[in-house]
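[1] only the shape, not the letters, is given here:
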């Protein structure tokens, strides 16, 4: 089986590639080259979001790749996400259609609720829309054929359970922060018990996160930002056990951290705009991390969420309220 065909099967039978290209923090100029390099290196999953402000550029890259005969649309798995203002009551279908227009696609393969907490357009006001109402909108766009699968991001177990309890289209995928120092076993076990696949973001510990600024003020105006303050965190890339496994397999620490998650049955979407790094992140299919090595890696017992999503504080659907004590 070639790396390009290694997949996770969602509960509706849709096959999702196990490795994709993340595009968070990738500027429109950078992301065109990154997507083209990734697809030519074997990637078939591209992950974006309306909040990344690069859907149009990704659409351009996809169109060029198809026109050049490098790929067919059916070979690609495109994920995008609805931001907090787009999950507000009555907003989702038009938001997805706008994303499709920017991506120059008739459908996406996976559409996610980026957060469980709805807001108004400039994020200045929280909207107390329960996750049940949000999920009813996702059920509708799925049944309308605008997406091949639907899921959530940054939702907790209880919120996913409430969505599943509606008896509508099930949650097909949960995309969450997950890495060696935030292993998320409880969430992964919950999802597996309910036939929900899991995608990890920040799989490498998100070393680039310190440069991130959250859209603040006008949601649609990318020039309005505020800098986030990050808790200090040790580098997983320097973890002694990671380095040992990397040396044993003649791999980089980054490749070990990625494989650690894949060998737990979880999809990954490492972000890069560097062509050699893009290729490196995909070159993880010629070795594995054994269950014994996974136990060794997790001996550190470090558990630190890097993305606290503080804007959810005070919202009735704050997914991390139990962690904010």
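    Yes, it's here. Source: prediction; values computed, not measured.
[2] residue 130 reaches residue 316, doesn't it?
    Yes. At 7.5 Å, residue 130 counts as touching residue 316 under the criterion of CB atoms under 8 Å. No exception for glycine: its C-beta is placed from N, CA and C like everyone else's.
[3] what number of residues lie near the nearest residue to residue 307 once chain neighbours are set aside?
    The spatially closest residue to residue 307, leaving aside those adjacent along the chain, is residue 177, at 5.1 Å (CB to CB, 6 or more residues apart in numbering). Residue 177 has 21 neighbours, counted by other CB atoms under 10 Å.
[4] surely residue 177 touches residue 309?
    No. Look at residue 177 against residue 309 with CB under 8 Å: they stay out of range, at 9.3 Å.
[5] quick check: neighbours shared by those two?
    Counting by CB atoms under 8 Å, 6 or more residues apart in numbering, the contacts common to residue 177 and residue 309 are residue 154.
[6] all strands for the stretch 51-200 of the chain, in order.
    Listed in chain order, the strands of the stretch 51-200 of the chain (DSSP state E, counting those that start in this stretch) span 77-82, 110-113, 118-119, 126-127, 150-153, 173-177, 197-201.
[7] so which of those is nearest residue 280?
    Nearest of the strands of the stretch 51-200 of the chain to residue 280, taken as CB to CB: strand 197-201 at 17.2 Å.
[8] quick check: angle from the closest one to strand 173-177?
    Between strand 197-201 and strand 173-177, the angle comes out at 30 degrees (axes from the mean of the first three to the mean of the last three CA atoms, to 10 degrees).
[9] tell me what strand 197-201 is packed against?
    Secondary-structure packing of strand 197-201 (3 or more CB pairs under 8 Å, 6 or more residues apart in numbering; DSSP states H and E): strand 173-177, helix 185-193, strand 267-268.
[10] which stretches of the stretch 151-300 of the chain have low pLDDT?
    Residues of the stretch 151-300 of the chain meeting the criterion pLDDT under 70: 206-233.
[11] please enumerate the helices of it.
    Taking DSSP state H, counting those that start in this stretch as the test, the helices found in the stretch 151-300 of the chain are 157-164, 185-193, 240-249, 253-262, 275-282, 291-297.
[12] most packed of these?
    Ranked by mean neighbour count under mean count of other CB atoms under 10 Å, those are led by helix 253-262, which reaches a mean of 24.
[13] elements contacting that one?
    Secondary elements touching helix 253-262 (3+ CB pairs under 8 Å, 6+ apart): helix 240-249, strand 267-268, helix 275-282.
[14] what angle sits between it and strand 197-201?
    Going by the same axes, to 10 degrees, helix 253-262 makes 160 degrees with strand 197-201.
[15] straight-line length of stretch 15-25, end to end?
    Start-to-end span of stretch 15-25 (CA to CA, to the nearest Å) is 27 Å.
[16] quick check: residue 313 touching residue 324?
    Yes. Between residue 313 and residue 324 a contact is recorded at 6.7 Å, counting by CB under 8 Å.
[17] what about the two, which has more around it?
    In this view residue 313 and residue 324 are compared by other CB under 10 Å, and residue 313 has more residues nearby, 13 against 10.
[18] where's the more buried one relative to residue 130, distance?
    Distance from residue 313 to residue 130, counting by CB to CB, to the nearest Å: 18 Å.
[19] can you pull the contacts of the nearest residue to residue 251 once chain neighbours are set aside?
    Residue nearest to residue 251 in three dimensions, not counting chain neighbours: residue 287, with 6.2 Å by CB to CB, 6+ apart. Residues near residue 287 by CB under 8 Å, 6+ apart: 249, 251, 259.
[20] and the nearest residue to the first one once chain neighbours are set aside, backbone torsions?
    On the basis of CB to CB, 6+ apart, the spatially nearest residue to residue 249 that is not a chain neighbour turns out to be residue 287, at 4.5 Å. Backbone torsions for residue 287, taken as degrees, to the nearest 10, come to phi -160, psi 170.
[21] which neighbours does the helix or strand where residue 46 lies have in its sheet, and in what orientation?
    Under the criterion of DSSP states H and E, residue 46 resides in strand 45-47. Next to strand 45-47 in the sheet, as set by DSSP bridges, lie strand 20-22 (parallel), strand 77-82 (parallel).
[22] can you put those in a markdown table and add mean pLDDT?
    As requested, those are exported to a markdown table (pLDDT from 0 to 100):
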| stretch | mean pLDDT |
| --- | --- |
| strand 20-22 | 97 |
| strand 77-82 | 98 |
